[in-house]
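> Okay, predicted coordinates and the sequence, questions at the end:
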Amino acid sequence: MGAILAVIRLLTLLTLAACAQPGVNPRDVLSRARLDATGQPTLLAELPELKVAATLAPSGRNGEVITWASGDQASLSFQGGVLVATRGLGADVMSADVTGTLAMLRGRSEGVYTRLNSGLDGEYQTAFRAYQCKRTSARPEQIIIFDRPHSTTRIEETCTTPGRTVTNIYWAGPDGFIWKSRQWVSSHAGYLWTEQLVR
């Protein structure tokens with residue numbers, strides 16, 4: 001028990017270090033053995049455009065929405081693995097209606113659907129943006145997350161709004177669980193990459 005608590009404390013310190021120091025990449029300090037020893041759900045989030053990466057732990061749940069927080073209290077909220085809100089990234093997603101995306105991922109929709117996002121504009125007023133989305137590809141793909149293989153279906157979703165087209169990618173397991181994703185946040189933050197290190 002003492003050894004496990006020591007590993008948990010070490011992971012917490014590494015998480016804080018990764019959040020506080022832009023030069024520290026969690027991939028350089030974490031290992032599958034350390035992750036498995038903690039037994040705690042852990043999410044790795046990376047924003048290549050901002051050159052930041054951090055591990056996050058669950059901090060709250062509201063129905064189907066799970067919020068994950070980093071050591072510096074930045075947070076990401078997901079519904080069924082689909083990003084619905086961010087805080088602390090600068091140009092945040094305040095909320096999102098992802099009903100159509102969830103239906104598509106669950107195989108209940110193959111047509112075009114609307115996705116609504118709200119964020120803050122340059123004057124800190126809430127601005128709404130509607131995307132027209134559709135699934136553009138789905139194929140089996142084996143992925144490896146910190147030495148652990150996962151059989152997934154790689155699903156690509158293309159969403160268009162005046163002046164912008166983005167492509168979100170979800171790697172879903174046989175039970176629909178999203179093990180890895182690349183999802184659009186904003187023109188400031190770019191794409192958010194996530195990997196579920198410990199479920």
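Received it, and whenever you're ready, just let me know what you need.
> List the buried residues of the top strand by length along the chain.
Longest strand in the chain by number of residues, with DSSP state E as the criterion: strand 126-145. Across strand 126-145, burial judged by 16 or more other CB atoms under 10 Å covers 129, 131, 133, 134, 135, 138, 145. Glycine gets a C-beta too; all of them are placed from N, C-alpha and C.
> Looking at the residues you listed, which one is closest to residue 185?
residue 129 (12.2 Å; CB to CB).
> coming back round to it: report all helices and strands that the longest strand of the chain contacts.
Applying 3 or more CB pairs under 8 Å, 6 or more residues apart in numbering; DSSP states H and E, one finds that strand 126-145 makes contact with helix 99-105, strand 113-120, strand 148-161, strand 164-172, strand 178-186, strand 190-198.
> ranking the ones you listed by mean pLDDT, which is last?
Lowest mean pLDDT within the helices and strands packed on strand 126-145: strand 113-120, a mean of 94.
> Identify all contacting residues around that one.
Contacting residues not belonging to strand 113-120 are listed as 91-101, 103-104, 126-134, 159, 186 [CB atoms under 8 Å, 6 or more residues apart in numbering].
> at 7 Å what do you get?
Residues outside strand 113-120 that contact it (CB atoms under 7 Å, 6 or more residues apart in numbering) are 91-98, 100-101, 104, 126-133, 159, 186.
> again with stretch 66-86
The contact list for stretch 66-86, computed with CB under 7 Å, 6+ apart, reads 15-16, 19-20, 43, 45, 54, 56-60, 64-65, 87-89, 92-96, 98, 101-102, 105, 170, 177-178, 181, 183, 185, 192.
> Can you show me the CA trace of stretch 71-84 as PDB?
Presented in PDB, the C-alpha positions along stretch 71-84 are these (Å, rounded to 0.1, in the frame of the first residue of the first chain):
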ATOM      1  CA  GLY A  71      -2.600  20.400 -12.000                       C
ATOM      2  CA  ASP A  72      -3.000  24.100 -12.900                       C
ATOM      3  CA  GLN A  73      -6.800  23.700 -13.000                       C
ATOM      4  CA  ALA A  74      -7.200  23.900 -16.800                       C
ATOM      5  CA  SER A  75     -10.200  21.600 -17.600                       C
ATOM      6  CA  LEU A  76     -11.700  19.700 -20.400                       C
ATOM      7  CA  SER A  77     -15.300  18.300 -20.400                       C
ATOM      8  CA  PHE A  78     -16.400  15.400 -22.600                       C
ATOM      9  CA  GLN A  79     -19.700  13.800 -23.300                       C
ATOM     10  CA  GLY A  80     -19.200  10.200 -24.500                       C
ATOM     11  CA  GLY A  81     -15.600  11.100 -25.400                       C
ATOM     12  CA  VAL A  82     -16.700  14.200 -27.500                       C
ATOM     13  CA  LEU A  83     -15.400  17.600 -26.300                       C
ATOM     14  CA  VAL A  84     -18.100  19.900 -25.100                       C
END
